[in-house]
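Asks: following is a predicted model, sequence given first.
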Amino acid sequence: QVQLVESGGGLVQTGDSLRLSCAASGRPVSTYIMAWFRQTPGKEREFVAGITWNGGRTDYADTVEGRFTISRDNTKSMVYLQMNSLKPEDAAVYYCALRWRFGVEIPIMANEYEYWGQGTRVTVSS
């Protein structure tokens, strides 16, 4: 089993930055694809960013491309999401996810990931 714990959410103003962290424990996660999703009330969980096991490849939703950066530190079992130039529409609960099944492509569908954290809330005031 893998446990994922997100942190770093909070209340910021438009244009500010935040860095979310995801700490993994339970089993080594260095060989797995990991991703960040977000969800707002009444909407499905949407893909934000993903990263391959060694950080060699990343993928981003069009809505965050150029503003958000995903990274990972396998020595610490950590995944990060640096969010810059935040907008009110970025407000959501952000979830860290791990894909247990082997794959080389970064899935963007939530049901392709088996492990999830509890989420951390990001609020962006205008």
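Replies: Ah, there it is.
Asks: only C-alpha atoms from now on, for both contacts and neighbour counts.
Replies: Noted.
Asks: contact partners for the spatially most central residue of the chain?
Replies: Centrality entry for the chain: nearest residue to the mean C-alpha point is residue 36, 1.9 Å, by C-alpha atoms, centre = their mean. Applying C-alpha atoms under 8 Å, 6 or more residues apart in numbering to residue 36 gives the contacts 47-50, 81, 94-97.
Asks: please, which helix or strand holds the residue nearest to it when sequence neighbours are not counted?
Replies: Spatial nearest neighbour of residue 36, chain neighbours left out: residue 96 (4.7 Å); criterion: C-alpha to C-alpha, 6 or more residues apart in numbering. If you go by DSSP states H and E, residue 96 is part of strand 92-99.
Asks: next: residue 24.
Replies: With DSSP H and E as criterion, residue 24 is part of strand 18-25.
Asks: other SSEs contacting that strand?
Replies: strand 3-7, strand 78-83 (3 or more C-alpha pairs under 8 Å, 6 or more residues apart in numbering; DSSP states H and E).
Asks: alright, I will stop here.
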